[in-house]
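Chemist: Predicted model, plus sequence, below.
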Amino acid sequence: MANEVIAKVEHDYGGQGSIPQYAVKLDGFVGLSAAASETVCSYAESPFDEDMVILEVYMCVTTGDATGSADFDIGLADKADGTNNDDSLFNAPTAYSAAGVLEGLAVHAITGRANPIWKAKDSATDSFVVAQQNGNVDASDLVYNLLLICAPYAKFKAT
């Protein structure tokens, strides 16, 4: 069964000029003891009433996966069950067997690649961050948090 995580908007991260940025902490993502193909481990719904651009994402592994054999992806999905999921935040990270901090794919607006848009709560698409474990392995000891740096998408649109 998937683990629901409540998104905590920590504070205004110090946006530049008229574009505020928010640090969103997702505490308590976990691995599964066994997984069928593409099974959701953890999910969090957007806490925002507007679409947000994910500017940066970090994974803080607090308890590593001792086996180091879990294969999982983290991205956006339409529903908590992982409907139409992607791997826009992490695609099969490998350095999660010990505690530490990993930098995700949405980093500093990499040239030529679009940053993910986390849709507003109750949107029909991409309003959930989901972690899905691929394959049937035991990663039940894996515990990690995510930190997303977000800014309102509306502030980026042409005026």
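Modeler: Done, it's in.

Chemist: Flag the shaky bits of this protein, pLDDT-wise.
Modeler: 1, 11, 13-17, 35-38, 95, 107-113, 158-159 (pLDDT under 70).

Chemist: And the strands in it, which stretches?
Modeler: 3-4, 7-12, 22-30, 39-45, 52-63, 71-77, 90-91, 100-103, 117-118, 128-134, 143-152 (DSSP state E).

Chemist: Nearest residue to Asn91 in space, please, no chain neighbours.
Modeler: Nearest residue to Asn91 in three dimensions, chain neighbours excluded: Asp73, at 5.7 Å (Cβ to Cβ, 6 or more residues apart in numbering). Where you see a C-beta, it was placed from the backbone N, CA and C, and this is true even at glycine.

Chemist: ok, now Lys79?
Modeler: Phe128 (6.3 Å).

Chemist: Go ahead and confirm that neighbour touches Ala44.
Modeler: Yes. Using Cβ atoms under 8 Å, Phe128 is in contact with Ala44, at 6.8 Å.

Chemist: Not including adjacent chain positions, what is the nearest residue to the spatially most central residue of the chain?
Modeler: When the chain is reduced to its mean C-alpha position, the nearest residue by Cα atoms, centre = their mean turns out to be Val129, at 4.8 Å. Excluding the flanking residues, the one nearest Val129 by Cβ to Cβ, 6+ apart is Ala44, at 4.9 Å.
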